[in-house]
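Colleague: Here you go, sequence then predicted model.
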Amino acid sequence: MKNPAREEEWASWMRSAIAGDSRAYQKLLIAVAPHLRVMARKRCEQYGAPASEAEDVVQEVLLAIHLKRGTWDSSRPLGPWMAALVRNKLIDSLRRRGRQASVPLEDVIAILESEERLDAGDRMDVEQILARLKDPQRTIVKSISIEGSSVRETAERLKMTEVAVRVALHRALKALSALYSEQAK
């Protein structure tokens, strides 16, 4: 940490918090949260994680500070301890996420909508991917994305609500995205 006075102030608040001073603990959490956000954003960038992970990491770190504050060695600086928590929580998050390839739904929609421009082999690939969807998702995707029907028309034809059709379409496109990613490997 580049500011030794701030580091000592935070360490003092942490010592008081461990001793039971709830006001010092509140001051500490309010003071460190912006610092943790900056660290989390930098780590996300460093590890190639989406920036959206940063806030989740910050929340997990704040919880870890609460749960593990008794493990902090009060004779040592607080900054490196918090930096280690940020690093560990981000790594945990990346592990949970695993090796997920993401294909934007718009790409899948564009492929489905451009079926008329596809040659016979590509058309067969689209049919094979669609065949892996269950009904009514397959029917909804064909109706809206390929045939050009509206959500309302599809809902009426399938005797579903428009909301149910939209939800099914979203889930189907997400499933298609995953299937497309597998096939692209």
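Modeller: That came through, no problem.
Colleague: hey, let's count contacts and neighbours off CA atoms from now on
Modeller: Noted.
Colleague: Which residue is the nearest non-sequential neighbour of P136?
Modeller: A168 (7.7 Å; Cα to Cα, 6 or more residues apart in numbering).
Colleague: So the chain: which segments form each domain?
Modeller: 4-101, 125-184 (the TED database).
Colleague: Return the residues in contact with the residue nearest to P136.
Modeller: By Cα atoms under 8 Å, 6 or more residues apart in numbering, the residues touching A168 are P136, Q137, I140.
Colleague: State which helix of this structure is the longest.
Modeller: Across the chain, the longest stretch assigned as helix under DSSP state H is helix 22-47.
Colleague: Just the buried ones out of the contacts of A168, please.
Modeller: By neighbour count, with 16 or more other Cα atoms under 10 Å, those hold Q137, I140 as buried.
Colleague: Would you mind reformatting the contacts of A168 (as CSV) and adding columns for distance to G20, pLDDT and secondary structure while you're at it?
Modeller: Output for these, formatted as CSV (distance: Cα to Cα, whole Å; pLDDT from 0 to 100; DSSP: H, G, I helix; E, B strand; the rest coil):
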residue, distance to G20, pLDDT, secondary structure
P136, 58, 86, coil
Q137, 56, 87, helix
I140, 59, 86, helix
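Colleague: Which strand or helix spans L133?
Modeller: Following DSSP states H and E, one finds L133 outside all helices and strands.
Colleague: gap between it and T154?
Modeller: Separation of L133 from T154 (Cα to Cα, to the nearest Å) stands at 17 Å.
Colleague: do the same with Q128
Modeller: Q128 sits 22 Å away from T154, going by Cα to Cα.
Colleague: Neighbour count: those two, which is higher?
Modeller: Per other Cα atoms under 10 Å, whichever of Q128 and T154 has more neighbours is T154, with 22 against 11.
Colleague: Check the secondary structure at that one for me.
Modeller: Following DSSP: H, G, I helix; E, B strand; the rest coil, the label given to T154 is helix.
Colleague: And the pLDDT at K68?
Modeller: pLDDT recorded at K68 is 88.
Colleague: What of Q100?
Modeller: 51.
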